[in-house]
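Visitor: take this sequence and fold it.
(chains A and B)
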Amino acid sequence: MAAVTVPTRPAPFRRPTAEHGLVSWLTTVDHKRIGILYGVTAFAFFIIGGVEALLIRAQLTAPNGRILDAETYNQVFTMHGLTMIFFVVMPLSAAFFNYMVPLLIGARDVAFPRLNAFSYWVFLAGGLFLYSSFFLGGAPNCGWFCYEPLGVAEIGNNNSFYALGLQIAGLGSLVASVNFIVTIVNLRAPGMSLMRMPVFVWMTLVVSFLLLFSLPILAIGLFQLAFDRLFATNFFNVAAGGDPVLWQHMFWLFGHPEVYVLVLPAMGIVSEVLPVFSRKPLFGYPAIVFAGVAIAFIGFGVWAHHMFAVGLGPVANSAFAISTMVIAVPTGIKIFNWLGTMWGGSIRLQTPMLFSIGFVTMFVIGGLSGVTHAVVPSDYQQTDTYYIVAHFHYVLFGGAIFGLFSGIYYWWPKFTGHLYSERLGQVHFWLMLIGFNLTFGPMHILGLQGMPRRIYQWPPGMGWELWNAVSTVGAFLIAASILVFMANAVRSMARGERAEEDPWDGRTLEWSIPSPPPHYNFAEIPTVRSRDDLWHRKYAEDESGRPVTVVAGAAHPEEGDGEHDEVHIDMPNPSYWPIVAAAGLPLIGYGLIYHWVFIPVGVLLLLAGLYGWKIEPVEEHVEGASD
Amino acid sequence: MAAEPHVVMGHEAATATGLDNRKVGMWAFLGSECLFFGAMISTYLLYRNRIGEGQPRLGDVYDIPYTSVSAFVLLMSSVTMVLALAAIQRGEHRKLRVWLMATALLGLVFVGGQAFEFTEFVRHGFTFRSSAAGSAFFMLTGFHGAHVTVGILMLLGLFYLSVLGRLPTGDSLRVELVGLYWHFVDIVWIVIFTIVYLFPQ
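Guide: Have a look, this model is predicted:
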């Protein structure tokens, strides 16, 4: 097929060949560049979501706060939640999936490189679409869970942006999950059996399956909401037989697996970092892997613990209380495995390690407070109070964000080719740890004192003054710690020391190639002989099991040290079409909200993108070479 | 340049499982589709008797023999799809085009029948907006019809490629992938037809 179609094509059907500059980024299909795009975009959203968090805290510092009015407050806390979940933690995890998974399994790219670019552009389109609502009459204001009939009843277009924006972003994640399942199942290097895969790859696989099976449920819920809003259907209209509780089931059937989507990637990162900085293999590798899989399975059977106060009845509540407590078991297994990994190791307390330990400790606190509201009567007391806010921030900030920062520091030398300042890294960690606990620790107390969530003002005389003030101070400490991180990043890029291939004495394949990796990753696809393959290439064991360095020269039997530089490896060419196809989706969204004429334009753009995608040549031959 | 190893990504080695990437991807996608339809079927089961005062029920307006015939047509299109795949695997490209077109036409008959059925229902007052049951019915069957329509477009795309001579015998996987999707959409209809039309109202 390719031979027929390659040689003379009109310009729009050539594949782009730029390797530098803006066009090269817009058309890239390289998993590493897409990973960087995901990471940078997610960080930008992190700043936006963080500013929203500071606004919330500033408003709640003292009684009768006047910085935001009620309507703006609702929009800000809704967008804070949506941003942090869908446009920070998920894409930041996706950045690691993209950049690291092919390197960790010894592959040159993901299974479908153009589809990968499409996922990123669709995600970005969804984010921009959602945020454009601020300029078009107001952002969604129904909370990230958008309980009905709140979402339906709103008269403006705010919550139509919610329904359609999340739909677009969700499509990107769904496509990405298919891509990573195929990549991990099919593109492993020879010898990389499933039980030799790094735990981060395992967690990526588990998360991909979670998304694959939970996103379509959210998609249906969002369609129902959108139809109710746009076409006056009756899914959540009680007068015509609809039932708002259906939305809660749909949302949490997605929403609870989503919690594990947010935290399992961080658990994978921690499982990579702890062994390297303890100089010991991961303790109980199969247990950690199976615990991850078990969490995913059970994670589909606990959704109604978000709905204990809805009135599902004692039988349903008891069943979901039990399944919720059961899921603490595999989670506990992981905690003990991480402790076992550190036990007796020669621990180096460098920044990635600090963040990983921070993850384990903060996540334990969040997990334990979670178990307290698995108990139904206790949950009745806690639900809709700041206790819940404290709990899920310990899990998602103390958990996911700490884990992701651990990964950012750990792989920073690999991403950029530069070392960062260890001193600034440690300052970042301690500032963030202290700020985090000052912000969210007091919320446990506030919640138990009865301070409700989602209120824009609180009255004086409730005894909430002290802890609200402390919490706001903590929030600004977190912001300061992020500034330290940014300074560190800029400093590292500008004048950081060059990183070697293997600055941490690592265990996995990515440390066997230069930093940053060449565009083809591996000059020669490695053959894997064991778990932690690179470690075993570097070290043998003496009689007592202690590692001894393998004789120099034998250290990297797979590496030709520059001999392969001449190898010509064809990587997939960049492509215009993923971004073209993705651009059609927000147009369809605007069409549904404002005027139907945008819809055919969007559909045409989407179809044109897919058509161009289908017929473009497999590769562009620069000098008229042919197959 | 000529003497150097010349490797194109994705073609250099057999995959770890021996299955083509696209095939694994299609199976994963179909797994996701099960939940997509599952969520709509659950909604329908919950809402099937939620009818407002004075509004018609599905049972008042439907015509089971009519829909049975169109369901039969759709099922037969799976047979022609199998024949199309068998044809390309044997290298019989004229037959391939005949069976692809037959499958697309049978699908088109089904979608046309659904369009007619929808207008009949709406004429009798059972609409997307008339009740929660109506909303759930039209969403479920409408999304199914949309899936069949996408399938028809893919079949016509394959037909067009074959006419241009760009669907060689070695590319039979592309027919197989569309076939997987097509059979899935058919099987989903069996479930929908049973639950929506054959369960007692």
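Visitor: quick one, strands of the chain?
Guide: Since you didn't name a chain, this refers to chain A. A:539-541, A:547-549, A:568-570 (DSSP state E).
Visitor: wait, I meant chain B there
Guide: B:6-8.
Visitor: name the helix or strand of it that has the lowest mean pLDDT.
Guide: Sorting the helices and strands of chain B by mean pLDDT, DSSP states H and E puts strand B:6-8 at the bottom, at a mean of 41.
Visitor: one step back: among the strands of chain A, which comes closest to residue A:443?
Guide: strand A:547-549 (44.8 Å; CB to CB). Bear in mind the C-beta positions are built from the backbone N, C-alpha and C, glycine included.
Visitor: hey, C-alpha coordinates of stretch A:282-291 in PDB?
Guide: What follows is stretch A:282-291, C-alpha atoms only, in PDB (Å, rounded to 0.1, in the frame of the first residue of the first chain):
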ATOM      1  CA  LEU A 282      11.400  -4.200  46.300                       C
ATOM      2  CA  PHE A 283      10.100  -6.200  49.200                       C
ATOM      3  CA  GLY A 284       7.400  -8.700  48.100                       C
ATOM      4  CA  TYR A 285       7.100  -7.700  44.400                       C
ATOM      5  CA  PRO A 286       4.300 -10.200  43.600                       C
ATOM      6  CA  ALA A 287       2.300  -9.000  46.700                       C
ATOM      7  CA  ILE A 288       2.600  -5.400  45.600                       C
ATOM      8  CA  VAL A 289       1.500  -6.200  42.100                       C
ATOM      9  CA  PHE A 290      -1.400  -8.400  43.100                       C
ATOM     10  CA  ALA A 291      -2.500  -5.800  45.800                       C
END
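Visitor: buried residues in it?
Guide: Neighbour-count burial for stretch A:282-291, counted by 16 or more other CB atoms under 10 Å in any protein chain shown, picks out A:282, A:283, A:284, A:285, A:287, A:288, A:289, A:291.
Visitor: swap in stretch A:444-451?
Guide: Quick answer for stretch A:444-451 (16+ other CB under 10 Å): A:444, A:445, A:446, A:447, A:451.
Visitor: also stretch A:499-510?
Guide: A:499, A:501, A:502, A:503, A:504, A:506, A:507, A:508, A:509, A:510.
Visitor: tell me the pLDDT of the fifth one.
Guide: Model confidence at residue A:504, expressed as pLDDT, equals 94.
Visitor: could you do the last one as well?
Guide: If you check residue A:510, the pLDDT there is 94.
Visitor: pretty sure it contacts residue A:102?
Guide: No. The criterion here is CB atoms under 8 Å, and residue A:510 misses it with residue A:102 at 9.3 Å.
Visitor: helices of chain B, residue ranges please.
Guide: B:21-47, B:58-61, B:64-89, B:93-123, B:132-163, B:172-192 (DSSP state H).
Visitor: can you say which of those helices is nearest to residue A:370?
Guide: Counting by CB to CB, residue A:370 lies closest to helix B:21-47 out of the helices of chain B; the figure is 25.5 Å.
Visitor: report all helices and strands that the closest one contacts.
Guide: helix A:158-186, helix A:199-231, helix A:244-278, helix B:132-163, helix B:172-192 (3 or more CB pairs under 8 Å, 6 or more residues apart in numbering or on different chains; DSSP states H and E).
Visitor: export those to a markdown table and tack on mean pLDDT and distance to residue A:570?
Guide: As requested, the helices and strands packed on helix B:21-47 are exported to a markdown table (pLDDT from 0 to 100; distance: least, CB to CB, whole Å):
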| stretch | mean pLDDT | distance to residue A:570 |
| --- | --- | --- |
| helix A:158-186 | 96 | 19 |
| helix A:199-231 | 97 | 25 |
| helix A:244-278 | 96 | 31 |
| helix B:132-163 | 96 | 25 |
| helix B:172-192 | 97 | 22 |
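Visitor: so can I have JSON lines of those helices showing distance to residue B:112 and mean neighbour count?
Guide: Output for the helices and strands packed on helix B:21-47, formatted as JSON lines (distance: least, CB to CB, whole Å; neighbours: other CB atoms under 10 Å in any protein chain shown):
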{"stretch": "helix A:158-186", "distance to residue B:112": "29", "mean neighbour count": "25"}
{"stretch": "helix A:199-231", "distance to residue B:112": "23", "mean neighbour count": "24"}
{"stretch": "helix A:244-278", "distance to residue B:112": "32", "mean neighbour count": "25"}
{"stretch": "helix B:132-163", "distance to residue B:112": "10", "mean neighbour count": "21"}
{"stretch": "helix B:172-192", "distance to residue B:112": "15", "mean neighbour count": "20"}
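Visitor: so which of those helices gets nearest residue B:125?
Guide: helix B:132-163 (9.1 Å).
Visitor: and that closest one with helix B:172-192, angle?
Guide: Counting by axes from the mean of the first three to the mean of the last three CA atoms, to 10 degrees, helix B:132-163 lies at 160 degrees to helix B:172-192.
Visitor: contacts only, for the spatially closest residue to residue B:101 that is not a sequence neighbour.
Guide: Once flanking residues are discounted, residue B:101 sits nearest to residue B:159: 5.8 Å by CB to CB, 6 or more residues apart in numbering or on different chains. The neighbours of residue B:159, taking CB atoms under 8 Å, 6 or more residues apart in numbering or on different chains as the test, are B:97, B:100, B:101, B:104.
Visitor: nearest to residue A:217, out of the strands of chain A?
Guide: Closest of the strands of chain A to residue A:217 is strand A:568-570, at 40.4 Å (criterion: CB to CB).
Visitor: keep the buried residues of stretch A:444-451, but drop any that are not near chain B.
Guide: Contacts with chain B within the buried residues of stretch A:444-451, counted by CB under 8 Å from any CB of the partner chain: none were found.
Visitor: turn the residues you listed into TSV, including pLDDT.
Guide: Shown next, in TSV, are the buried residues of stretch A:444-451 (pLDDT from 0 to 100):
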residue	pLDDT
A:444	97
A:445	97
A:446	97
A:447	96
A:451	96
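Visitor: low-confidence stretches in chain B?
Guide: Applying pLDDT under 70 to chain B flags residues B:1-13.
Visitor: swap the cut-off to 90 and go again
Guide: For chain B, applying pLDDT under 90 flags the ranges B:1-18, B:51-57, B:59-60, B:166, B:199-201.
Visitor: quick one, phi/psi of the residue of it found nearest chain A?
Guide: Closest residue of chain B to chain A, CB to the nearest CB: residue B:50 (2.9 Å). Dihedral angles phi and psi of residue B:50 (degrees, to the nearest 10) take the values phi -90, psi 90.
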